[in-house]
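Trainee: would you be able to build a 3D model of this:
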Amino acid sequence: MRLDRFLANLPTYNRQHVRLLLAQRRVRVDGQATADPLHEVREFSRVEVDDQLLQAGRAARYLMLHKPTGCVSATRDPQHRTVLDLLPRELHEDLHIAGRLDYNTTGLMLLTNDGQWSRRLTQPRTRLEKIYRVRTEAPIGEHYIDKFHEGFYFAFEDLTTLPARLEIIGPHEARLAIVEGRYHQVKRMFGYFQNKVVALHRERMGPIALDPALAPGQFRALTAQEIALI
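Mentor: Sure, this is the predicted structure:
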């Protein structure tokens with residue numbers, strides 16, 4: 001929300017008073033005085049006028065997790081272990097998943113309590129590439145490459161997938177870059193060739209890559225540089 005609108009919504013100030021406070025640089029956001037009425041105020045921002053605290057804010061959390069097989073991409077589930085069960089309980093509050101993975105898919109998962117950040121990461125119009133390593137039951141043919149770029153028609157959704165980039169790295173292994181996240185999309189793509197996916201691992205989401213030092217089930221906080229990439 002714009003700073004002037006945030007202040008004017010409080011019962012203490014009217015619009016004229018807000019303009020005066022800003023002109024006198026009596027408003028601080030995250031410790032910095034500002035006269036900019038368009039300065040963005042987020043749920044994590046600390047906002048003060050003179051010595052009065054108007055919003056304390058809260059700590060933003062950004063976590064990278066190496067998801068193992070056998071757990072669901074959910075914050076709670078009555079039957080299965082969830083990815084949150086891999087984290088200390090004190091980190092659970094308000095976390096949500098930015099980009100889910102299937103039950104037996106492994107690899108990079110990002111969790112945060114910052115809704116704006118996760119929307120930038122996952123909203124379709126950004127078209128951030130997701131990179132997967134795929135292992136299949138049958139050999140992968142060179143003719144797959146053109147079909148992945150052309151797209152696959154999914155009758156259930158009545159749509160054709162956007163161009164995808166397939167790199168064959170072994171007889172039964174490939175690296176795949178897609179910009180969508182349709183239901184079981186990778187498995188359905190290879191299913192077009194009657195080729196079953198036996199292992200699927202996400203290596204990257206946009207500019208953020210899975211830390212190779214993380215074993216399955218381990219996590220770490222994102223660095224400031226990684227957060228700023230999104």
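Trainee: so who does the spatially closest residue to residue 134 that is not a sequence neighbour touch?
Mentor: Leaving aside its sequence neighbours, residue 134 sits nearest to residue 174 (C-beta to C-beta, 6 or more residues apart in numbering; 5.0 Å). Every residue, glycine included, has its C-beta placed from N, CA and C. The contact partners of residue 174, by C-beta atoms under 8 Å, 6 or more residues apart in numbering, come to 133, 134, 136, 140, 144, 166, 167, 168.
Trainee: for this protein, what are the low-confidence residue spans?
Mentor: Filtered on pLDDT under 70, the chain yields no residues whatsoever.
Trainee: and it, what are its domains?
Mentor: Domain ranges of the chain: 3-55, 62-229, per the TED database.
Trainee: ramachandran coordinates for the residue nearest to residue 134?
Mentor: phi -150, psi 160 (degrees, to the nearest 10).
Trainee: and for residue 78, the neighbour number?
Mentor: 4 (other C-beta atoms under 10 Å).
Trainee: again with the one 5 residues further on
Mentor: Residues near residue 83, counting by other C-beta under 10 Å, number 24.
Trainee: what do you get for residue 13?
Mentor: For residue 13, the number of neighbouring residues by other C-beta under 10 Å comes to 18.
Trainee: hang on, it packs against residue 4?
Mentor: No: contact criterion C-beta atoms under 8 Å: residue 13 and residue 4 do not qualify, at 9.7 Å.
Trainee: what residues does stretch 150-164 touch?
Mentor: 127, 148-149, 176-180, 182, 185, 188-189, 192.
Trainee: circling back: beta-bridge partners for the residue nearest to residue 134, please?
Mentor: Beta-bridge partners of residue 174, counted by DSSP bridges, are residue 134, residue 168.
Trainee: that one and residue 164: what is the separation?
Mentor: With distances taken as C-beta to C-beta, to the nearest Å, residue 174 is found 11 Å from residue 164.
Trainee: now do residue 76
Mentor: 32 Å.
Trainee: between those two, tell me which one has more neighbours.
Mentor: Under the criterion of other C-beta under 10 Å, the comparison of residue 76 against residue 164 puts residue 164 first, with 23 against 9.
Trainee: list the helices and strands the longest strand along the chain packs on?
Mentor: Criterion DSSP state E: the longest strand present in the chain is strand 197-205. Applying 3 or more C-beta pairs under 8 Å, 6 or more residues apart in numbering; DSSP states H and E, one finds that strand 197-205 contacts strand 106-112, strand 130-136, helix 185-191.
Trainee: can you list the buried residues in stretch 14-31?
Mentor: By 16 or more other C-beta atoms under 10 Å, the buried positions in stretch 14-31 come out as 18, 19, 21, 22, 27, 28, 29.
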